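# please work out how this folds:
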Amino acid sequence: MTQPRWLNPEEQRLWLAFLRMRRAIDVAIDGQLAEAGLSPAEYDVLAPLSQSGEALRVRDLAAQIGWDRSRIAHQLRRMEQRGLVARSGSTTDRRGTLVHLTDLGRTAITAAAPGHVETVRRVLFDQLDQHDLTHLTAIAERVADAAGLTGISRTGGPAPRAAAQAGRQGLER
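This is a model prediction of the structure:
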């Protein structure tokens, strides 16, 4: 049996700081979204729909945000009940389902987005200089790649492998 590769004190300090940072960002964003009347999951769905400017296939939306079929199906059902999104059959592929923003969904994301990006700026980007930004971006991409995260590409759209498997979040408006 292989011995665990325990963290040394410097690594443990980084790991604990990372966990605190991740939680602090989540708490700030969750609070801002709650004030805007949205859950983080709703924002995760609404943002790419808003950015696309058109309906997206459910499987492509799921791949873009890194969710599995079950999670996206349940979330879309809840959001349909709230009137934020609507689903319809694809006109080009009878097996496909499209999801699009309703007027209420577009109003919700339009109202939430400015506060969302301001929160992200305040808790993350305002704490970094250009050197930090460059290095943290490279580190984040390297770690995500090493972890095998294929759902969310570096450009915010579906990563090629995830899109193929999806046969298995945005801050811009």
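
# just checking, which helix or strand succeeds the helix or strand where Ala63 lies along the chain?
For Ala63, the element it lies in under DSSP states H and E is helix 58-65. As assigned by DSSP H and E, the chain's next helix or strand after helix 58-65 is helix 69-82.

# and the helix holding Ala63, what does it pack against?
Here helix 58-65 touches helix 40-52, helix 69-82, strand 97-101, helix 160-166, going by 3 or more CB pairs under 8 Å, 6 or more residues apart in numbering; DSSP states H and E. Every residue, glycine included, has its C-beta placed from N, CA and C.

# low-scoring stretches of the protein, by residue?
149-173 (pLDDT under 70).

# which one's the longest helix in it?
helix 9-35 (DSSP state H).

# related to what we said a few turns ago, would you list the helices and strands packed on helix 58-65 in CSV and tack on mean neighbour count and distance to Gly89?
Listed next are these as CSV, based on neighbours: other CB atoms under 10 Å; distance: least, CB to CB, whole Å:
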stretch, mean neighbour count, distance to Gly89
helix 40-52, 20, 17
helix 69-82, 15, 14
strand 97-101, 20, 6
helix 160-166, 17, 18
